[in-house]
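Q: Here's a sequence, model it:
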Amino acid sequence: MENPIDSDDLNNLGQRVRKIRKTMSFTQREFAKKLNISGSFLSEIEAGKVKPGYDFIVNIAKEFRVNLYFLLFGKGNELLDPFDDSVGNSEDPKGHIENFKHILWYAERSPMLMHTLFGFAARFIYENKSYIDIEIKKFKNK
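A: Residues are numbered from 1 along each chain as shown. Model (predicted):
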């Protein structure tokens, strides 16, 4: 199965990782050590030579409270507010999943869920890419 992180939407992922690292005032070596990866691998990610997998995305979000929407799509704040224990001001849904904010609330707190969501999305895109491409084309033409 093709890695969905190679999509056009994520071409600038390495630049966003570099921006996050510099915002936090880490050297490549320090940042890589916190993520349990080599400095050379981080360098390749930042240079856009390598697209990281799900584990990297989950680890950076968890370790540094990175806003996944910024990391994946380059929109919004780079980091989550360290004093705000909610996502998008959404409160603990107490088991009632009623909207996308509730799903994000759980995903931001559970690497297992985040990894599962990425895996499901990758498989779904792979199996339905032609239909999804048609939908995207219709959306762009509106």
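Q: for this protein, what's the longest helix?
A: Longest helix in the chain by number of residues (criterion: DSSP state H): helix 111-140.
Q: now Val50, nearest residue through space, not along the chain?
A: Of all residues not flanking Val50 in the chain, Glu44 sits nearest, at 4.1 Å (C-beta to C-beta, 6 or more residues apart in numbering). In this view, the C-beta of every residue, glycine as well, is placed from N, C-alpha and C.
Q: ok, now Lys33?
A: In space, Lys33 comes closest to Gly39 once its chain neighbours are excluded; the distance is 7.9 Å by C-beta to C-beta, 6+ apart.
Q: Asn12 now?
A: Gly74 (6.1 Å).
Q: and the one you found, how many neighbours?
A: If you count neighbours by other C-beta atoms under 10 Å, Gly74 ends up with 16.
Q: quick one, phi/psi of it?
A: Backbone geometry at Gly74, expressed as degrees, to the nearest 10, gives phi 80, psi 20.
Q: All further residue positions should be reported with the first residue as 46.
A: OK, 46 is where the count begins now, so the last one is Gly119.
Q: Next one: it from Lys64, what distance?
A: Computed with C-beta to C-beta, to the nearest Å, the distance linking Gly119 and Lys64 is 9 Å.
Q: give me the low-pLDDT residue ranges for this protein?
A: Residues of the chain meeting the criterion pLDDT under 70: 46-56, 126-145.
Q: Sweet, I'm off.
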